[in-house]
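S.K.: sharing a model that was predicted from the sequence below.
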Amino acid sequence: MAAAFKKAAKSGQRQHRERAQPSSRKHLGILEKKKDYKLRADDYHKKQNALQALRRKAQEKNPDEFYFRMTRVQLQDGVHVIKQLEEETTLEQQKLMKTQDLKYIEMKRIAEVKKIERLKSQLHLLEAEGKQPNKHTFFFDTKKEVERFDIATHLNTAPQLVGRVYNRPTLETLKKGSILGTTTPAQLQKLAQQRKSQYNLLRQRIERERKMFVVAQKLQTRKDLLDKTQKVKLTKETVNQPTIYKFQFKRKR
């Protein structure tokens, strides 16, 4: 068994390589190896299969079958030539359509900007400009005061209102006011959810306005390309910005 295994093992066997082109036959070119034959055979079979498929398609073709392309193809000197369709719109008409599309996008974008400003005026935009959040620092003399510190007691307000940076009434104000005095934690949570939904709506409108601005830039670029033909492409068009071209300066006479 050991001898048979040793005979069958690949590690100790000799490598059998394909012979090279003899020096006396080098003038005939490179000697074809098996990998070269495989590529040539695959290419040959691929072409034969394509010819066979075309032959079968021609045999099974219905002579009475109609294709819409037949209305645009003419036979000239035994070659099928497609008739060039007349231009449906002129250059001036294309410019006018681009201008109308651009005006419509700008109108919708301006309407969205007004909605954003109206929504901003209704909300308290805290930290909207990317500024650092306000911090309230309390100072104590001893560590015991720090351990016993209760922010709601110190600010003299309800524990549910501690997280507010704005409109944080004291306990006396809550007791005096009939509406504020009857405000329950469930009502406060409902108001917080409504405020959160308003901020989500504001974020969506800001994102929609940004996308409309990008679309308007792309339409303006396509409109400019109708007038200026000599251009150099600097950047590729992406989702967030249009294609940037550098037009060749031409002095008007």
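M.R.: Ah, there it is.
S.K.: ok so residue 75 is a strand residue?
M.R.: Yes. Assessed with DSSP: H, G, I helix; E, B strand; the rest coil, residue 75 lies in a strand.
S.K.: got the contact list for it?
M.R.: By CB atoms under 8 Å, 6 or more residues apart in numbering, the residues touching residue 75 are residue 81. In this view, the C-beta of every residue, glycine as well, is placed from N, C-alpha and C.
S.K.: from residue 216, how far out is it?
M.R.: Per CB to CB, to the nearest Å, residue 75 is found 48 Å from residue 216.
S.K.: and for residue 205?
M.R.: Look at residue 205 and residue 216: by CB to CB, they are 16 Å apart.
S.K.: next SSE downstream of the strand or helix carrying residue 191?
M.R.: Element membership for residue 191, per DSSP states H and E: helix 185-227. Next along the chain after helix 185-227, taking DSSP H and E as the criterion, comes strand 231-235.
S.K.: each with direction, which strands does that following strand pair with?
M.R.: Strand 231-235 sits in its sheet next to strand 244-247 (antiparallel), going by DSSP bridges.
S.K.: quick one: mean pLDDT over the strand it pairs with.
M.R.: On average, the pLDDT along strand 244-247 is 77.
S.K.: so what touches it?
M.R.: Taking CB under 8 Å, 6+ apart as the rule, strand 244-247 contacts 221, 224, 225, 228, 230, 231, 232, 233, 234, 235.
S.K.: can you list these in CSV and add distance to residue 13, pLDDT and neighbour count?
M.R.: Supplementary listing: those in CSV, determined by distance: CB to CB, whole Å; pLDDT from 0 to 100; neighbours: other CB atoms under 10 Å:
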residue, distance to residue 13, pLDDT, neighbour count
221, 67, 81, 14
224, 71, 78, 13
225, 68, 78, 14
228, 71, 63, 11
230, 68, 68, 10
231, 65, 70, 13
232, 62, 72, 9
233, 59, 72, 10
234, 61, 76, 9
235, 59, 77, 10
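S.K.: going by distance to residue 142, which of the residues you listed wins?
M.R.: Nearest to residue 142 among the contacts of strand 244-247 is residue 235, at 63.1 Å by CB to CB.
S.K.: what sits against the closest one?
M.R.: 241, 243, 244.
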